[in-house]
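Chemist: with the sequence up front, the predicted model follows.
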Amino acid sequence: MNQYIAAIDQGTTSSRCIIFDHDGRVVSVAQKEHRQIFPQAGWVEHDPEELWLNTREVGAAALAKADLRRKDIAAIGITNQRETTIVWDRTTGKPVYNAIVWQDTRTDRLVERLAGDDGPDRYRAATGLPLSTYFSGPKVRWILDNVDGAREKAEAGRLAFGTVDTWILWHLTGGCGQDGNPPGVHVTDVTNASRTMLMDLETLQWDPQICEDFGIPMSVLPEIRSSSEVYGHARERGPLAGVPVAGILGDQQAATFGQACLSPGEAKNTYGTGNFLLLNTGTTPVHSKHGLLTTVCYRIGDADAVYALEGSIAVTGSLVQWLRDNLGIIDSAAEIETLAASVPDNGGAYIVPAFSGLFAPRWRPDARGVIAGLTRFVDKRHLARAALESTAFQTREVLEAMRADSQVDLSILKVDGGMVANELLMQFQSDMLAVPVVRPIVPETTALGAAYAAGLAVGYWSSEDDIRRNWTADKTWEPTMAADERGSLYAAWNKAVERTYDWA
């Protein structure tokens, strides 16, 4: 009997279920977008119950599209938007507040208070992360401080915290445990835990002192487990009932795994709502001196954890959405390539999309977006091109920091995510980096990585060698730009970035 692996990919803008075969090829996919909630400037929220409902719907739809049943699925993997934070009541299963999304900046003053005289690197040695609104810990503290009764309930053991993987897994494996059934498992994996600012990178456990400093009762925290093991089984109701849930990876770590970046020195860049460049550094964490994050890349069962350096860019694909939804320059995201390709260059215009400040490697929460270099000559075509180019410029900044930290010169860059269909962007990226850019034949590497983690746990794939064999290149872009032009464009970009400082 042929069996398959189902991957739940709960992302920033949509929920998907993708079913893969043994060769890592897509058998079926279903997707549904969810609402983006903006209560005020700098605040970004999702409805946690909508995320769970949509996850159930796409799971059923993906099975139906391929005419598959639960017996055809060997395991389920989960991948997720990582730092997005949910706190819920263990008894009712109801969230006490909306999910606070990773892009949200409401905790900026709290982060400053936590930094104190030590500054943003107060916890970097233990967590690999600078104090930032980006991570989950400050978001949990905000909910406990600002939602009526939340702190009292948390201290009484009634509340649970989780990133989206934990929320989905808890519901998938039983939720509140009504009708005599046991409650769902309250678990996260090491990759998601490493994005909270609450986990020690060396021990791979919650740090009691940091939790105390943040004012977060440890009773709300999920158990930290590996990225590839059986955590539980889907509950008895639903299309996937009884199937083992056996893999969890945060979305960028999942994409790294799906891209078969399994040896030190191998890297990938995901082009999605934001951009995320990860470099596998092996079983020893490398602490960055150039503005990057040290994070857990993955841990397979009882094996040693593998670490990564990460450069996180807040706004890339979401800049295209902004041009569509806020400015009306395009009617669909796909139109931007045609519009941008209708001019030979950016006309001297640069867009720096620091909507939530600047992430790696600059870490400037005071920055805000600018459009620089405007003249009467510039029109919407040049702005479309400048928007795409900003993604490539930001990626170059991160890659230069990564080279400085790791002393590794990349020979190629593996890419994935929705924007890699944009060939103009991929060529410009290769030109900016002066290295080949390679897109795999299966672009759904985030979901594929979660599928691989789940499949390894149940023996569907025998080893990481199977993953390496499955990886195949689809298209490669080679650099064609002259070095002096590359340098001139990048220098102008840096000048534009400096104009964003000290706005907030």
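Modeler: Cool, the structure landed. Computed from a predicted model, the values in this text were never measured in an experiment.

Chemist: which SS class is the residue lying closest to L198 once chain neighbours are set aside?
Modeler: Closest residue to L198 apart from its sequence neighbours, by C-beta to C-beta, 6 or more residues apart in numbering: G137 at 4.9 Å. Just so you know, the C-beta spots here come from the backbone N, C-alpha and C atoms, and that holds for glycine as well. The three-state label given to G137 by DSSP: H, G, I helix; E, B strand; the rest coil is helix.

Chemist: as a quick check, tell me the outermost residue of the protein.
Modeler: Centroid-distance maximum for the chain: R376 at 38.2 Å, with C-alpha atoms, centre = their mean.

Chemist: mind checking how far that one is from D72?
Modeler: 61 Å (C-beta to C-beta, to the nearest Å).

Chemist: what's the nearest residue to V245 if we skip its chain neighbours?
Modeler: Nearest to V245 is I76, by C-beta to C-beta, 6+ apart, at 4.7 Å.

Chemist: so that neighbour sits right up against Y4, yeah?
Modeler: No - I76 is beyond contact range of Y4, at 10.6 Å (criterion: C-beta atoms under 8 Å).

Chemist: and those two? Which one has more around it.
Modeler: I76 (28 against 21; other C-beta atoms under 10 Å).

Chemist: ok, now which ones touch the closest residue to K94 other than its chain neighbours?
Modeler: Nearest residue to K94, sequence neighbours excluded (C-beta to C-beta, 6+ apart): W88, at 6.2 Å. Applying C-beta atoms under 8 Å, 6 or more residues apart in numbering to W88 gives the contacts 48, 94-96, 159-160, 162, 167.

Chemist: any chance of the residues you listed in TSV, with secondary structure and distance to S406 too?
Modeler: Output for the contacts of W88, formatted as TSV (DSSP: H, G, I helix; E, B strand; the rest coil; distance: C-beta to C-beta, whole Å):
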residue	secondary structure	distance to S406
P48	helix	37
K94	coil	45
P95	strand	40
V96	coil	41
L159	strand	40
A160	strand	37
G162	strand	32
W167	helix	34
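
Chemist: so which of the residues you listed is the most crowded?
Modeler: Going by other C-beta under 10 Å, W167 tops these with 31 neighbours.

Chemist: now do the SS call for M419.
Modeler: Going by three-state DSSP: M419 is helix.

Chemist: run a quick neighbour tally on the spatially closest residue to it that is not a sequence neighbour.
Modeler: Sequence neighbours aside, Y271 is the residue nearest to M419 in space, at 3.5 Å (criterion: C-beta to C-beta, 6+ apart). For Y271, the neighbour count with other C-beta under 10 Å is 25.

Chemist: for Y271, name its beta-bridge partners.
Modeler: Here Y271 sits in beta bridges with N275, going by DSSP bridges.

Chemist: just I100 next, same as before
Modeler: Bridge pairing for I100 - DSSP bridges - gives E45, T85.

Chemist: which residues are in contact with it?
Modeler: Neighbouring residues of I100 by C-beta under 8 Å, 6+ apart: 44-45, 84-85, 106, 139, 142-143.

Chemist: any idea which of those is closest to F355?
Modeler: Taking C-beta to C-beta as the measure, F355 sits nearest to V44 out of the contacts of I100, at 9.9 Å.

Chemist: now, among the contacts of I100, which is nearest to Q427?
Modeler: Closest approach to Q427 among those (C-beta to C-beta): V44, at 31.6 Å.

Chemist: thought the closest one was touching A99?
Modeler: No - contact criterion C-beta under 8 Å: V44 and A99 do not qualify, at 9.3 Å.

Chemist: before we move on, the earlier item: got the phi and psi for the residue farthest from the centre of the chain?
Modeler: Backbone torsions of R376, given as degrees, to the nearest 10, read phi -60, psi -20.

Chemist: low-scoring stretches of the stretch 201-350 of the chain, by residue?
Modeler: Scanning the stretch 201-350 of the chain for pLDDT under 70 picks out no residues.

Chemist: swap in the chain?
Modeler: Ranges of the chain meeting pLDDT under 70: 1.

Chemist: which residues touch the residue nearest to L198?
Modeler: G137 sits next to 196-198, 210, 214, 216 when contact means C-beta under 8 Å, 6+ apart.

Chemist: can you redo those as CSV with secondary structure and neighbour count?
Modeler: Compiled in CSV, the contacts of G137 are given as follows (DSSP: H, G, I helix; E, B strand; the rest coil; neighbours: other C-beta atoms under 10 Å):
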residue, secondary structure, neighbour count
T196, coil, 31
M197, coil, 29
L198, coil, 28
I210, helix, 20
F214, helix, 19
I216, coil, 24
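
Chemist: which non-adjacent residue is nearest A115?
Modeler: Distances taken as C-beta to C-beta, 6+ apart place L131 nearest to A115, at 4.9 Å, with adjacent residues excluded.

Chemist: select the longest helix from this structure.
Modeler: The longest helix of the chain (DSSP state H) is helix 380-406.

Chemist: quick one: residues contacting the residue lying closest to A333 once chain neighbours are set aside.
Modeler: Excluding its sequence neighbours, the residue lying closest to A333 (C-beta to C-beta, 6+ apart) is V320, at 5.0 Å. Taking C-beta under 8 Å, 6+ apart as the criterion, V320 is in contact with 330, 333, 336, 387-388, 419.

Chemist: how far off centre is the helix or strand L424 falls within?
Modeler: Secondary structure assignment for L424, by DSSP states H and E: helix 423-433. Computed by C-alpha atoms, centre = their mean, to the nearest Å, the chain-centroid distance of helix 423-433 equals 22 Å.

Chemist: neighbours of the closest residue in space to A473 that isn't next to it in sequence, how many?
Modeler: With sequence-adjacent residues excluded and distances taken as C-beta to C-beta, 6+ apart, A473 is closest to V438, at 5.2 Å. By the criterion of other C-beta under 10 Å, V438 has 20 neighbours.

Chemist: picking that back up, how many neighbours does the residue nearest to A115 have?
Modeler: L131: 27 surrounding residues under other C-beta under 10 Å.

Chemist: in stretch 366-382, what's buried?
Modeler: Neighbour-count burial for stretch 366-382, counted by 16 or more other C-beta atoms under 10 Å, picks out 367-373, 378, 380-382.

Chemist: helices of the stretch 51-200 of the chain, residue ranges please.
Modeler: 108-115, 124-127, 136-146, 150-155, 164-172, 190-193 (DSSP state H, counting those that start in this stretch).

Chemist: and the angle for the longest one with helix 108-115?
Modeler: Put simply, helix 136-146 runs at 110 degrees to helix 108-115, going by axes from the mean of the first three to the mean of the last three C-alpha atoms, to 10 degrees.

Chemist: dump the residue contacts of T173.
Modeler: Contacts of T173 (C-beta under 8 Å, 6+ apart): 184-185, 231-235, 245.

Chemist: can you list the helices of the stretch 51-200 of the chain in TSV and add distance to L240?
Modeler: Shown next, in TSV, are those (distance: least, C-beta to C-beta, whole Å):
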stretch	distance to L240
helix 108-115	39
helix 124-127	34
helix 136-146	27
helix 150-155	31
helix 164-172	8
helix 190-193	21
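
Chemist: for R499, which of these is the nearest?
Modeler: That would be helix 108-115 among those, by C-beta to C-beta, at 20.6 Å.

Chemist: distance from the chain centre to that closest one, please.
Modeler: Distance of helix 108-115 from the chain centroid (C-alpha atoms, centre = their mean) equals 23 Å.

Chemist: quick one: buried residues of stretch 27-38?
Modeler: For stretch 27-38, a neighbour-count test (16+ other C-beta under 10 Å) marks 27-31, 34 as buried.
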